[in-house]
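**Q** using only what follows, build the 3D model:
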Amino acid sequence: MKELDQLTAEQFFQGIRSGDRVLMARAITLLESAAAAHRNKALEILEKCLPFSGNALRIGITGAPGVGKSSFIETLGNHIVDENKQLAVLAVDPSSKKSKGSILGDKTRMQELSKRSSVFIRPTASGEHYGGIAAATRETIVLLEAAGFDTILVETVGVGQSETAVHDITDVFVLLLIAGAGDELQGIKRGIMEMADIIAINKADGDNTERAQIALGDVRRALHLFQLKDSGWNTTVETCSALTAKGIPEMWQSIKKYHQHVVENGYFQRNRKQQYMQWFNEYLNISLINHFNQNDEFKAAFQHYSSKVEQAEMLPPVAVQALLSKVFTR
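**A** This next block holds a predicted model:
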């Protein structure tokens with residue numbers, strides 16, 4: 001990390017604006033670093049980038065493991081780039097809770113897409129951040145937009161209902177499903193389906209084509225039970241094949257239609273503002289917790305009240321009120 005320390009925030013910023021891929025990657029490494037000096041420099045870089053951000057279409061891609069997210073992104077990504085778009089892909093991989101390691105294999109799986117000159121792929125470990133998205137994903141998006149990327153795909157881990165967190169950092173939410181997976185297509189994934197703007201039944205090829213059509217009808221019927229979204233958009237459902245590229249152009253057209261729809265009715269900007277406020281509130285909560293955890297007096301009081309809660313001598317709400325009163329009534 002020594003080379004990161006030698007460059008100023010202005011040098012990073014100028015490199016990012018000029019499209020220097022090496023400096024972009026190093027700046028993202030700064031964002032992901034826990035070191036205080038790196039963190040301070042990263043925030044300085046972000047402040048410089050902020051006026052040049054916000055112009056990209058942010059697309060979230062989620063779905064259970066095995067649904068073909070990486071293949072879908074490669075095929076869709078190549079189609080997007082063919083329209084002269086500048087594409088960035090943030091592929092968030094699962095992290096080991098024991099080793100903190102991550103597979104980070106998406107760049108390997110997206111071999112063809114990674115060769116395109118207008119594509120930047122960044123595999124990042126999800127760590128312990130909730131929702132399947134890396135803690136620095138929001139900040140990385142700001143940086144990439146300042147670098148001139150007009151389309152950003154965010155692939156999530158795809159494990160469990162908590163994956164809906166990607167909905168809170170993107171403009172359009174795409175859910176991938178596959179046919180033949182059982183009743184979970186309708187039941188278990190209801191929470192995610194309600195949030196999805198576009199649903200793709202992937203792997204609709206070969207012997208699976210007919211099953212995909214059946215699943216298409218099942219999902220469309222299930223969506224009739226859901227309320228109309230705040231965006232005023234009716235969730236679209238289509239079949240596609242990342243293997244053959246069939247249905248991929250139609251998927252891209254659906255994404256663009258959704259974008260046009262929410263821009264015209266004002267939902268796009270309202271949603272962006274809400275997302276920034278959510279980011280503010282989340283960061284505030286995390287910062288307050290970190291601040292108090294560094295205070296010895298607070299830590300002692302915390303241990304005292306948490307012990308009482310653990311021994312069932314005090315209700316958690318009462319203990320929290322007592323702890324906060326002790327901290328803020330000085």
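
**Q** residue contacts, residue 216?
**A** Residues in contact with residue 216 (C-beta atoms under 8 Å, 6 or more residues apart in numbering) are 201, 237-239. Any C-beta I mention is one placed from the backbone N, CA and C, and that applies to glycine too.

**Q** got the phi and psi for the nearest residue to residue 57 once chain neighbours are set aside?
**A** Leaving aside its chain neighbours, residue 57 sits nearest to residue 151 (5.3 Å; criterion: C-beta to C-beta, 6 or more residues apart in numbering). Per-residue torsions, residue 151: phi -140, psi 130 (degrees, to the nearest 10).

**Q** show the contacting residues for residue 151.
**A** 56-57, 59, 80, 85-88.

**Q** so can I have CSV of the contacts of residue 216 showing secondary structure?
**A** Formatted as CSV, the contacts of residue 216 follow (DSSP: H, G, I helix; E, B strand; the rest coil):
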residue, secondary structure
201, strand
237, strand
238, strand
239, strand
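
**Q** ok, of those, which come out buried?
**A** 201, 237-239 (16 or more other C-beta atoms under 10 Å).

**Q** tell me which two in those residues are the farthest apart.
**A** Greatest spatial distance among these (C-beta to C-beta): 237 and 239, at 8.3 Å.

**Q** overlap in contacts, those two.
**A** Common neighbours of residue 237 and residue 239 are listed as 200-201, 216 (criterion: C-beta under 8 Å, 6+ apart).

**Q** from those, pick the one nearest residue 319.
**A** Checking the shared contacts of residue 237 and residue 239 against residue 319 by C-beta to C-beta gives residue 200 as the nearest, at 47.1 Å.

**Q** show the subsequent helix or strand relative to the host helix or strand of that closest one.
**A** Per DSSP states H and E: residue 200 is located in strand 198-202. Counting by DSSP H and E, the next helix or strand C-terminal to strand 198-202 is helix 209-223.

**Q** and that next one, average pLDDT?
**A** What helix 209-223 shows for mean pLDDT is 90.

**Q** ends of stretch 12-26, what's the gap?
**A** 9 Å (C-alpha to C-alpha, to the nearest Å).

**Q** now do that stretch: everything it contacts.
**A** Contact with stretch 12-26 is made by 3-4, 7, 11, 27, 30, 41, 45, 48-49, 52, 120, 122, 143-144, 146-148, as judged by C-beta under 8 Å, 6+ apart.

**Q** burial check on residue 300, number of neighbours?
**A** By other C-beta atoms under 10 Å, 9 other residues sit near residue 300.

**Q** apologies, that question was intended for residue 268.
**A** Using other C-beta under 10 Å, residue 268 has 19 other residues around it.

**Q** same thing with the one 10 residues further on?
**A** Burial measure for residue 278: 13 neighbouring residues, criterion other C-beta under 10 Å.

**Q** can you tell me how far it sits from residue 168?
**A** With distances taken as C-beta to C-beta, to the nearest Å, residue 278 is found 6 Å from residue 168.

**Q** could you pick out the longest helix of this protein?
**A** Ranked by number of residues, the top helix in the chain under DSSP state H is helix 267-293.

**Q** need the contact partners of the following helix or strand past that helix.
**A** Once helix 267-293 ends, the next helix or strand along the chain (criterion: DSSP H and E) is helix 296-310. Helix 296-310 is contacted from outside by 292-293, 314-316, 319-320, 322-323, 326-327, using C-beta under 8 Å, 6+ apart.

**Q** recalculate using a threshold of 6 Å.
**A** Applying C-beta atoms under 6 Å, 6 or more residues apart in numbering, the contact partners of helix 296-310 are 292, 314, 316, 319, 323, 326.
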